[in-house]
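> No letters, just coordinates:
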Ligand SMILES: C[S@@+](CC[C@H](N)C(=O)[O-])C[C@H]1O[C@@H](n2cnc3c(N)ncnc32)[C@H](O)[C@@H]1O
């Protein structure tokens, strides 16, 4: 599915989030408090927006980022962006599965995933892999869609996300299911407290949960114990 929407993926992100998606990614990177020395994993990197941002962010950058994804076409477009930005010495893209990451134990100072963990079929295995590849004390930032609870916003957002977004997504991406799958998969994803508990169960000692934009997105910042 991601290979088939790859060409229009970035543009649809900007349109459907009214330009907020890059701000959410920037916030996730800021919370990792990078100092310029870190090796960072970007899981489910897609077209590498988060990976590129992590080495270009103002106020804290990674030394190197390895982006992993199993969709070859998303990676190919990501690689074009990395090369255009002349970042090929700092951002490396690897084809691989989030549930069986082709990288050694305790090899990263920080890890991140933006709007990806929900798509991983067995996301508990994905979390276990994060814990495995992070060094003790390493930080993890997870960005994922949420379901806002504020009265008024909850109803408006639900209408937008469930009814309008799939129509715009279908027209813009020329793919019939991808943008209906999005709200359906968000509905099935655990509540923030349950997801935070899952992180703790898999070796993360501290987990902070930050709602962004009225809880339409959640940022989880966790530290490997
Ligand atoms: C919604 S996109 C997010 C891409 C990117 N992180 C961003 O912020 O735009 C989800 C990505 O997760 C990838 N993905 C889903 N399951 C995966 C898995 N098991 N292993 C690796 N990548 C996976 C998909 O190929 C897709 O590129």
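Noted; the coordinates are in hand. It should be emphasised that the depicted structure is a prediction, and the values quoted were computed from it without experimental measurement.
> and residue 178, what is it in contact with?
Taking CB atoms under 8 Å, 6 or more residues apart in numbering, we find residue 178 in contact with 1-2, 4-5, 169. Any C-beta I mention is one placed from the backbone N, CA and C, and that applies to glycine too.
> Kindly apply the preceding question to residue 37 instead.
For residue 37, the contacting residues are 63, 109, by CB under 8 Å, 6+ apart.
> who wins for most neighbours among the contacts of residue 178?
Using other CB atoms under 10 Å as the neighbour test, the contacts of residue 178 are led by residue 169, with 24 neighbours.
> So which residue is smack in the middle of this protein?
residue 114 (1.0 Å; CA atoms, centre = their mean).
> For that residue, give its distance to the ligand.
Distance, residue 114 to the ligand, using CB to the nearest ligand atom, to the nearest Å: 3 Å.
> Beta-bridge partners for that residue, please?
residue 143 (DSSP bridges).
> circling back to that earlier point, pick out whichever of the contacts of residue 178 sits closest to the ligand.
If you rank the contacts of residue 178 by distance to the ligand using CB to the nearest ligand atom, residue 2 comes first, at 3.9 Å.
> Could you check what's spatially nearest to that closest one, not counting adjacent residues?
Nearest in space to residue 2, with sequence neighbours left out and distances taken as CB to CB, 6 or more residues apart in numbering, is residue 71 at 4.1 Å.
> Near the one you found, how many other residues are there?
The burial count for residue 71: 22, using other CB under 10 Å.
> I'd say it and residue 47 touch.
No - if you go by CB atoms under 8 Å, residue 71 and residue 47 don't touch, sitting 9.4 Å apart.
> Which neighbours do these two have in common?
Joint contacts of residue 71 and residue 47 (CB under 8 Å, 6+ apart) are residue 6.
> between the contacts of residue 178, which is nearest residue 137?
Taking CB to CB as the measure, residue 137 sits nearest to residue 2 out of these, at 32.4 Å.
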